[in-house]
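In: what's the 3D shape of this:
(one chain, ligands or ions: 2)
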Amino acid sequence: MSDEPIKYEIAGEWAAHPARNCRGLDRNMFMVERGDTATLDHLRSICDGCPVKVPCAEFAINDATIIGIWGGLSGKERRDLRRQRRLENGEKMRGPRRGTVVKVARCGTLAGYERHRRQEEPTCAECRAARAAYKRYRKDNAA
Ligand code: SF4
Ligand SMILES: [Zn+2]
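Out: Ligands and ions are numbered 1, 2, ... in the order given. I've put the predicted structure just below:
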């Protein structure tokens, strides 16, 4: 459904930590829809006290293609951190360089659903199904 488990495989030694707080949890569910602060708080509470919170957050900060909550940080928070670090490093702000492959959220994921909404286009059946699965999971695992 999503690329996230692969991200763990490339993440580094910390991802294999036996006491990682999200071990056994579905990475696809570490997603938050805009304005859903209850879910965000719940996921943050899982990351709080995780023994690999710092390397996990750094990993996700350093890869702009990563989505969802990592190390207790949302995608927006990581974007803000990247911008802040670039400014601190005195680098000029710039868009993607020519030839850069910009990854687009795939259909059949919650991110895909949100991409449709952002672009104000109709959602596709795969994306609606992914969102429904997410909603069900959230309801069954309410904090
Ligand atoms: S910080 Fe959160 S997302 Fe990262 S490994 Fe720990 S529980 Fe999982
Ligand atoms: Zn779609």
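In: State the phi and psi torsions of the residue lying closest to Met29 once chain neighbours are set aside.
Out: For Met29, ignoring the flanking residues on the chain, the nearest one in space by Cβ to Cβ, 6 or more residues apart in numbering is Tyr137 at 5.3 Å. (Each C-beta comes from the backbone N, C-alpha and C, glycine too.) Backbone torsions for Tyr137, taken as degrees, to the nearest 10, come to phi -60, psi -40.
In: Report how many residues lie close to Tyr137.
Out: A count of nearby residues for Tyr137, using other Cβ atoms under 10 Å, gives 14.
In: Check Glu120 too.
Out: With other Cβ under 10 Å as criterion, Glu120 counts 6.
In: so it sits in a strand?
Out: No - looking at Glu120 with DSSP: H, G, I helix; E, B strand; the rest coil, it is coil, so not inside a strand.
In: from memory the residue nearest to Met29 sits against Asp26, does it?
Out: Yes - using Cβ atoms under 8 Å, Tyr137 makes contact with Asp26 at a distance of 7.3 Å.
In: Show me where the protein dips below the pLDDT cut-off.
Out: Along the chain, the model assigns pLDDT under 70 to residues 1-10, 92-102, 143.
In: Look at Arg86 and tell me its secondary structure.
Out: Three-state assignment for Arg86 (three-state DSSP): helix.
In: How many neighbouring residues does it have?
Out: Here the number of neighbours of Arg86 (other Cβ under 10 Å) works out to 13.
In: cool, Ala132 as well?
Out: Per other Cβ under 10 Å, the neighbour tally for Ala132 reads 11.
In: Same check on Glu91?
Out: 9.
In: isn't there a helix covering Gly90?
Out: No - assessed with three-state DSSP, Gly90 is coil; it does not lie in a helix.
In: Return the distance of it relative to Ile61.
Out: To Ile61, Gly90 is 18 Å away according to Cβ to Cβ, to the nearest Å.
In: which one of those two has more residues nearby?
Out: Between Gly90 and Ile61, counted using other Cβ under 10 Å, Ile61 has the larger neighbour count: 18 against 6.
In: Touching, that one and Arg82? I think so.
Out: Yes - applying Cβ under 8 Å, one finds Ile61 in contact with Arg82, separated by 6.2 Å.
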